[in-house]
Structures are given as structure tokens and as C-alpha cells.
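> Structure for the following, please:
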Amino acid sequence: MDRSTMSLAAGCVCFPSSWNLQESIGKPVHQIHDLVPDLNPSIGERIKRFLEGLQPGRAFCRENWSLTRSDERNYHPRLKRQKLDETVTLDELHLRLEHQLFTALPSGVLMGIRISTIPLPALSEQREEWNNLKEKIRTMPPEVARYKSMEKAQLTIQRIMNSVRCD
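Numbers count the residues shown, from 1 in each chain. Model prediction:
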């Protein structure tokens, strides 16, 4: 990201999460985030201050999650991966984690993303994580479910997760 314009200057994405890097090049961060429900109005200014305030030699990490129908890491839109819908089964569901790292460069910000996937049945062995995810899905607003491509599957995923016994 170019810090003087707060826009995406360049990038390389090996395993995109349902977005196309080329469509974002040159756009300001707030415009790239426009598709995320309520993000800009609620924390857009804090994101801007955070990115402007990053200092070289320090790194900050965060995670972003979604659910996918396979463990494939490359979810570029042109691949047209099968979307989540009401026919999804437990064995198809995977928790997709983006481990995001931010660090300052002399005139910009570098963001690195590492993708990992966890089969949902394996997550059921971790009761606290399972219950946290179950609650996030249960309370997810419709616009967020749409953004995460879960709107057609949200009720099915809730039923699946409620039927699994965690030990």
C-alpha cells in the first residue's frame, strides 16, 4: 500500500479468498473495503490511523475467517469454486483462516497473508472453538452472511453444528 495515497500500489496473491487483486490495484483502502458490510462506517477511520501509524521494524497480526466447501487454498473468482448452499455436508465444510501480517515499509505498508484450512469435523474436537464458531454463525447478520457467501447455507450449517457432539 502506498502510504501517501492510502491506495493499493502493487501485490502478488497466490491464494486469493474470492477476490481479484487486479481489480483493487490503484484503489484506496476505504474503497477496497466498501464491500465489507459496515466496516468503513464502524472502523474505517481506525484502520486508516493504524496503517498510517505503522513503524518499520514492527509487525502486527490478525486473523480473518470464512467457511468454504473444500480445502482448496486458491479461491480466485475465475475458478468458480462450488459455493456454500443448503446441500453442504459436514465433511465438505472447512474453516478457512487468513493469517494477516502488516509491517511498514519506507513509503508504504506490506501485508502478508498465509492461508490455512481446517476440516470442520476436526474442529469439533476443540469444544471452545467449536462453540465460538457456532455462536458466530448463529448471530451473523444477513449482510455479513452474504459477504462471506454463507447466506444460502447459514441455517444448514447451524443444523449441522448443533447435531455434532463435542467431547
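
> Can you find which helix in the protein contains the most residues?
Secondary structure assigned by DSSP state H gives helix 39-53 as the longest helix of the chain.

> ok, residues contacting it?
The contact list for helix 39-53 (CB atoms under 8 Å, 6 or more residues apart in numbering) reads M1, R3, M6, V29, H30, H33, D34, F60, F102, V109. (C-beta placed from N, C-alpha, C; glycine too.)

> Restricted to helices, list those.
V29, H30.

> Now render the contacts of helix 39-53 as a markdown table, adding neighbour count and distance to S163.
Below are the contacts of helix 39-53 laid out as a markdown table (neighbours: other CB atoms under 10 Å; distance: CB to CB, whole Å):
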| residue | neighbour count | distance to S163 |
| --- | --- | --- |
| M1 | 23 | 43 |
| R3 | 16 | 49 |
| M6 | 18 | 46 |
| V29 | 18 | 41 |
| H30 | 15 | 41 |
| H33 | 14 | 36 |
| D34 | 12 | 37 |
| F60 | 11 | 38 |
| F102 | 17 | 39 |
| V109 | 19 | 43 |
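
> now, which of the contacts of helix 39-53 sits nearest L67?
H33 (20.9 Å; CB to CB).
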